[in-house]
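Undergrad: any chance you can model this:
(chains A and B)
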There are 2 protein chains.
Amino acid sequence: MDLKPTKPLSGFIELLPAQQRCFDYCANKMQNVLRLAGFSMLDLPAIERAEVLTDKDNWDEIETQMFLFQKGDTKMGLRYDGTVGLSRYVAGHLNNLVFPFRASQFSKRYRGERAQRGRYREFYQMDLDIMGINTLSTNYDAEIISVISRALNSVSEFIGPNVVHVGSRPFWDAIFDLLELSANQKRDVFVLIDKKDKMGDDDFADALKDTLNDTDKENVIKSVFVDGYEKFLNKSAKLDAAISELTDFMKVLDAMGVKGAVIDLSIARGLAYYTGLVFEFKLTEHPEFGTAAGGGRYENLASKFSKTKIVGVGAAIGFSRIFASMLENNQIDLSRFANPIDVAVLVMGDNNVAYASQIVNTLRDNGIVAVSYLDTDKKFKNQIEYSDKIGAKYSMIIGDDESANNVVALKDMESGNQQTLSLSDAIKNIMGE
Amino acid sequence: MDLKPTKPLSGFIELLPAQQRCFDYCANKMQNVLRLAGFSMLDLPAIERAEVLTDKDNWDEIETQMFLFQKGDTKMGLRYDGTVGLSRYVAGHLNNLVFPFRASQFSKRYRGERAQRGRYREFYQMDLDIMGINTLSTNYDAEIISVISRALNSVSEFIGPNVVHVGSRPFWDAIFDLLELSANQKRDVFVLIDKKDKMGDDDFADALKDTLNDTDKENVIKSVFVDGYEKFLNKSAKLDAAISELTDFMKVLDAMGVKGAVIDLSIARGLAYYTGLVFEFKLTEHPEFGTAAGGGRYENLASKFSKTKIVGVGAAIGFSRIFASMLENNQIDLSRFANPIDVAVLVMGDNNVAYASQIVNTLRDNGIVAVSYLDTDKKFKNQIEYSDKIGAKYSMIIGDDESANNVVALKDMESGNQQTLSLSDAIKNIMGE
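TA: Okay, here's the model as predicted:
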C-alpha cells in the first residue's frame, strides 16, 4: 500500500513542540497586555454565510480567493479576516454590550487562493477594535496604537523594537478636493498611493501620469512624499483641519508613551474601509515583514447588519506572519522552550506504579511539571536516557527500596548529583527553596 | 437596503463576553493540568488533504458529512477530529519527537452535515494522546484516564464530579471466539453493543436475534450486561487474559488516585479504531451530556503514513459539548466572569489625557486591568455610568485639579467612598495592600 503524504498542505503552518511553545508564549504575553487594557476576547465562528463574507455575487471569482462550500441552499465559507464576523456579532448583540466596546480576536483566518510561495493560506491574526455608538473620540485611535505598541513591546526580546507610521485619509481627501479630481481619479490615485512602496518611485510617477495626465497635479501629489504636509497649510479649511487632526494626534500618542511615532502620508490602507487616521507598525530590525500590524478609523462598521451607526477604530496584528515565519526560518533561539519538563519520574517495576503515581500527583499538585515513565520493565539505562532526551531538570527514581522506605531518589540531571530524600524535601529542592 | 442576518449559521457557537471568559477560564484550567503532566500542545492545520481525512472515494457521500473544497487538482476539507492530523504529524516528525510522546490538541473541529437541532457543526475538543514506538505499557492508559479525571476535576465547580467507565475490546473478541461467531457477525454485534445504550434492551435483543438467530449465543451476550465478566472466568485462555488485563487495570487506576472507576462492558467505542481497553467519562450530575470524554488504546496510529508502528492511547474531551451547551442553557452562574475590570479611568477634558494616560500605563504595568474613558467631553454623569455598566471595581477620576496636584480621585464603586490620593497610594488601595 502506498503511504499517504505526511507534509501539511502548502501554505499551512505546522510547528514542532518547542516552536509551538514559543508561539503560544508570545500569544499569551500579547493577549495579557490586551486583557489588562480591558479588551474582551471573542471567539467567533470560522465559517460565515457567503453573503456575510462578501457583497459580490460573482461566485467563480470569489471562489478563487476564498474557501467556499454549499450545504443545502446555503453558501458559506471560511473567514478571511476578523472584521466580517465582528461587525455581524456587534450588530446582533447591541443590547448586550457596553460601548465603547473593546474587543479582541486571536483566531485563524483563511485565504482560499492557490498555494503561493511564502503566502499562508491559514494564519493567525490578533485583532483589536474599540467601537462606539454614533461617535468615538480619536483619543481611542491613540489608545489602540498604544496598546498594540505595548503588546509588541512585550515580546520585543524576539522581534526587537517597533515603530508606528501614521497617515490620514482626510488629508488626501482634502488634497484631492484642492486638485479638483473626479471621483474616479480619487479612487485610482488612492490605490496608487497604497501600492507606492511596492511600485517604486518611477513606476508610481508613470502610473500617476496615466491616471491624471496633468503635470501640475502629479507634482503636487509627488511633493507630499518629499516635503510632507507642512507646505499644505493654509490652502483650504478642510486641509488645515486634516493637518491639525494629524499633528494633534501625534501629541496624544506621545503623551500616551508611544515612542518614535512618525507621520507617514504614504500610509493609505486600501480603499473601502477606513475613513480617518490610518496606521501601520513596522519592526525596525525586521523590515522583511513589511507591515507587522495595521489599522485605522472606520465611520460605520456594521451598516450592512444594523441601522445603528457603529463608529470605531480597529487593527490587526499579523501574528503568524511575524512569529510563524521567524520560527520557520530559525530566527528565534528556542533553547528556553526546549525543555518544559521539571521532573521525569522513572518507575522500576510495575509493583512501584502505585507509590510512584502518588508522587506524580503530589508533584503536579505543587505546580511541578512531572512526566512518569511507565514502561516499567525498561532498564534504568533506557529510562534515564528518556529523561535526558526530554530535557528533564530532575529525574526521580522510584524502585523497591524507595517504595519500602517512603523516600525518593532525586537526580539533578545537570550536575549528575543524586540524593535520597523524603518527597517533601525533594519538592523543596526542585522548587529551589 | 435589506440588512444582512446577524445570527451565526445554525450549529455554530457564539458566546457573549462573560460566557467567553468562563469558557476560556475552563479551557485554561484544564490545559494547565495537561501541561503539568508534560503534554505538548499542538496546533495543527484545520484543513487537510481529502485523502488524509478519509479512505473513501465516494465524494458525494463524504460531502454530506464534511466541509470539502477543491483548489486546483487538490481536494481538501476541514478536519472532523484531531486524530487524522495527529497521525500525519507524528509520522512526519518521528525523528523530532521523543517517545513516549505526550500530545494534546485543543482545537476546532467541523461536521459538514446539514444543520440539526442540538448538533454543533463547529466545536472544540481537547485531545490527549500518549504514543510509543512498537510498544507502550497499559499503565499509560491509566495515566491518560488519571489526567483526564484531574482535568475534569479542575473545573468540577462548574460540571460536578466525573466517573470513568472502562470496557475491553479483547474481552468481547474472546467471547466472540468462544461463541464461534463469523467475522461479519463479530462486526455486527460490536456495532450493536456500541449502540445498546441508545437502543434500549428490547430493541437490542431484537437486533441481536436478527444478527445471530441463535438463542444460546444471544443469551450469552445479554448475560454479560447482567452478570458482568465474573461468569466468564476459566472459559478460555484468551478470555482469562482479557479479564486479568481489565481487573489489573482497575487496580492501577485506583493506585493513581482515580476514584469510583467502574468496569462497564457496554463501552465499545465504534469498530475500526480501538484495539484494547476503552473508556468513557460521564458527569454524574449531567447525564444529559452522555459521554463527556472517551478514548482507548490503538495498536497502530499512523499505518497509512509510516511503516513505523506507533502504539498508543488517546482520548477526546467533548469540550464544546459540555461547556458551550451549559453556557447556552444558562447552567453556569456567570457572576464571577461578569466584571473583569479593576479600574475605569474617567478623563474630564482633553487637556487631561496626557496625565491620565501615564496613570493608565502605570496601572497596567502593575497588573491592574484598567480601561480609560476617552470621550473626554462627556459629562461626569455619563462617564461614571459607563464605569458602573462595565462593573469596574473602582473609578479613577482625572480632572484639572487632579492633574495640577499630581493626584487621583479614587471612587470605590461598591461603597461609593471617594478619596483623593497619590497614584501609588491608590494602587495600594486597589491591590488591597
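
Undergrad: which parts of the worst-scoring helix or strand of chain A on mean pLDDT are buried?
TA: Within chain A, no helix or strand scores below helix A:59-63, which has a mean of 76 by mean pLDDT, DSSP states H and E. Residues of helix A:59-63 classed as buried under the neighbour-count rule (16 or more other Cβ atoms under 10 Å in any protein chain shown) are A:62-63. All C-beta spots, glycine's among them, are computed from the backbone N, C-alpha and C.

Undergrad: next secondary structure element downstream of that helix?
TA: Once helix A:59-63 ends, the next helix or strand along the chain (criterion: DSSP states H and E) is strand A:68-71.

Undergrad: ok, then the element right after that following strand?
TA: Per DSSP H and E, the first helix or strand lying C-terminal to strand A:68-71 is strand A:74-78.

Undergrad: show me what that following strand is packed against.
TA: Applying 3 or more Cβ pairs under 8 Å, 6 or more residues apart in numbering or on different chains; DSSP states H and E, we find strand A:74-78 packed against strand A:47-49, helix A:50-53, strand A:68-71.

Undergrad: ok, it: who's next to it in the sheet?
TA: Applying DSSP bridges, strand A:74-78 is found paired with strand A:47-49 (antiparallel), strand A:68-71 (antiparallel).

Undergrad: with just CA atoms, put it into CSV.
TA: Provided in CSV are the C-alpha atoms of strand A:74-78 (Å, rounded to 0.1, in the frame of the first residue of the first chain):
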residue,chain,number,x,y,z
THR,A,74,-26.8,27.9,1.9
LYS,A,75,-23.5,29.1,0.5
MET,A,76,-20.8,29.6,3.2
GLY,A,77,-17.1,30.0,3.6
LEU,A,78,-14.1,30.4,5.9
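
Undergrad: residues in contact with that strand?
TA: With Cβ atoms under 8 Å, 6 or more residues apart in numbering or on different chains as the test, strand A:74-78 has contacts from A:46-51, A:53, A:59, A:66-70, A:109-110, A:112, B:9.

Undergrad: just how off-centre is it within its chain?
TA: In terms of Cα atoms, centre = their mean, to the nearest Å, the centre of strand A:74-78 is set 25 Å apart from its chain centre.

Undergrad: mind checking pLDDT for residue A:73?
TA: pLDDT for residue A:73: 88.

Undergrad: quick one: the helix or strand harbouring residue A:296 near chain B?
TA: Secondary structure from DSSP H and E places residue A:296 in strand A:293-298. No. With Cβ under 8 Å from any Cβ of the partner chain as the criterion, chain B is not reached by strand A:293-298; the gap is at least 13.4 Å.

Undergrad: that strand: what's the following helix or strand?
TA: Counting by DSSP H and E, the element after strand A:293-298 in chain order, helix or strand, is strand A:310-317.

Undergrad: against which helices or strands is the helix or strand just after that next one packed?
TA: Going down the chain from strand A:310-317, the next helix or strand is helix A:319, by DSSP H and E. In terms of contacts (3+ Cβ pairs under 8 Å, 6+ apart), helix A:319 is packed against strand A:122-133.

Undergrad: if you set the cut-off to 10 Å instead, what comes out?
TA: Here helix A:319 touches helix A:17-36, strand A:122-133, going by 3 or more Cβ pairs under 10 Å, 6 or more residues apart in numbering or on different chains; DSSP states H and E.

Undergrad: show me what secondary structure element comes after that helix.
TA: Sequence-wise, the next helix or strand downstream of helix A:319 (DSSP H and E) is helix A:325-328.

Undergrad: could I have the helix or strand that that next one is followed by exported to CSV, CA atoms only?
TA: Scanning forward in sequence from helix A:325-328, with DSSP H and E defining helices and strands, the next element found is helix A:335-338. Only the C-alpha atoms of helix A:335-338 are listed here, as CSV (Å, rounded to 0.1, in the frame of the first residue of the first chain):
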residue,chain,number,x,y,z
SER,A,335,16.6,26.9,24.0
ARG,A,336,14.3,28.5,26.6
PHE,A,337,11.4,26.5,25.1
ALA,A,338,13.2,23.2,24.5
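
Undergrad: quick one: the helix or strand that helix A:335-338 is followed by near chain B?
TA: Note on helix A:335-338: by DSSP H and E, the next helix or strand toward the C-terminus is strand A:343-347. Yes. Strand A:343-347 reaches chain B (Cβ under 10 Å from any Cβ of the partner chain) through A:343-344, A:347.
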